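Peer 1: just the structure for this:
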Amino acid sequence: MRRTFEEICERIREQLALGVLKPGDKLPRERDLAEQLGVSRHVLREALRSLEMAGLLRLQKGVKGGAFIREGDVGRMNDVVRDMLSLGAISVRELSEGRIHILDLVVRLACACAQQADFQALEANIERSDLATREGRLLDRVECSRAFYKLLAAATGNKVMAMIMESVTEIHMRFVYAKVASSGVSMPRLVEKRRQFLAALRLRDVAAATGLMRVHLESVQRMLESDPGAMSLQVALADMQPRAHRRIGQD
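Peer 2: Numbers count the residues shown, from 1 in each chain. As a prediction, the model looks like this:
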């Protein structure tokens, strides 16, 4: 049976779904909202805290404070994937295999929907990767790769695909970062392969583009699996700890 605060959360979610509430809107004052919903202020506070934790509300203190509807935050999905990994509900291999299949669809959609601006953004990213490679800034190149997949997902023109792609890529790239940071391993033909892929994408050659992407992703997976330590969740997520500690200290 649902608890009262859960019913309040569902009612607020329904108003969001119906468009009655929109990002940026401020909810009525606590006392007024409690009266409207027919619940105690204690129950209302519990519901608001739950919605804040879910990323739907921003609770602000002070004279101009209150409960505000937040903009969509893809980072919440990233947290869910990370937590599922931490709990063992999904494995690193499942994450990697899922990413390969998702990217296959992303590339197909990008071949059909990408605009000239998307091609230009991807080309600029590849040039930054080339410069980072020539200067030996391998960790910066990893960050370029992270941005590359985000740009590619955006080229689909589908926000759902972009959200899913970002969530799996954000975590997966941490394993790549850990591998590069610990061993300095490099994929010397990365920039060349990126340029070949972009050429296929510009031609909207689905077979060539998807084939090139799959070959690259499988080579990355082999690189990671050659060093079991790089596939350690603790290693890959280590740089999240300081951020987590700061959040706890601020609460």
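
Peer 1: who touches Arg108 in this structure?
Peer 2: 206, 210 (C-beta atoms under 8 Å, 6 or more residues apart in numbering). For the C-beta atoms, the positions are set from N, CA and C on the backbone; glycine is no exception.

Peer 1: from Gly98, how far out is it?
Peer 2: Noted for Arg108: a distance of 16 Å to Gly98, by C-beta to C-beta, to the nearest Å.

Peer 1: in stretch 109-120, what's buried?
Peer 2: 109-111, 114, 118-119 (16 or more other C-beta atoms under 10 Å).

Peer 1: then stretch 172-182?
Peer 2: Neighbour-count burial for stretch 172-182 [16+ other C-beta under 10 Å]: 172-181.

Peer 1: and for stretch 48-68?
Peer 2: Residues of stretch 48-68 classed as buried by neighbour count (16+ other C-beta under 10 Å): 48, 50-51, 55-58, 66-67.

Peer 1: same deal with stretch 3-12?
Peer 2: 4-5, 8-9, 12.

Peer 1: stretch 186-194 too?
Peer 2: 187, 190-191, 193-194.

Peer 1: residue boundaries of the strands in the stretch 1-150 of the chain?
Peer 2: 57-60, 66-69 (DSSP state E, counting those that start in this stretch).

Peer 1: who are the packing partners of the helix or strand where Ala209 lies?
Peer 2: Of the helices and strands defined by DSSP states H and E, Ala209 is found in helix 206-225. Contacts defined by 3 or more C-beta pairs under 8 Å, 6 or more residues apart in numbering; DSSP states H and E place helix 206-225 against helix 92-113, helix 159-183, helix 190-202.

Peer 1: now stretch 25-44: buried residues?
Peer 2: Applying 16+ other C-beta under 10 Å to stretch 25-44 flags 27, 33-34, 37, 39, 43-44 as buried.

Peer 1: restricting to C-alpha, output it in CSV.
Peer 2: This file holds the C-alpha atoms of stretch 25-44, laid out as CSV (Å, rounded to 0.1, in the frame of the first residue of the first chain):
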residue,chain,number,x,y,z
ASP,A,25,7.5,26.9,-11.9
LYS,A,26,7.4,27.6,-8.2
LEU,A,27,5.0,25.5,-6.1
PRO,A,28,2.6,27.3,-3.7
ARG,A,29,3.7,28.1,-0.2
GLU,A,30,4.1,25.0,2.0
ARG,A,31,1.1,25.9,4.1
ASP,A,32,-1.2,26.6,1.1
LEU,A,33,0.0,23.5,-0.8
ALA,A,34,-0.6,21.3,2.3
GLU,A,35,-4.2,22.6,2.5
GLN,A,36,-4.8,22.1,-1.2
LEU,A,37,-3.6,18.5,-1.0
GLY,A,38,-5.4,17.8,2.3
VAL,A,39,-2.3,16.6,4.1
SER,A,40,-0.2,17.7,7.0
ARG,A,41,2.9,19.9,6.4
HIS,A,42,5.0,17.0,7.7
VAL,A,43,3.8,14.7,5.0
LEU,A,44,4.2,17.4,2.4
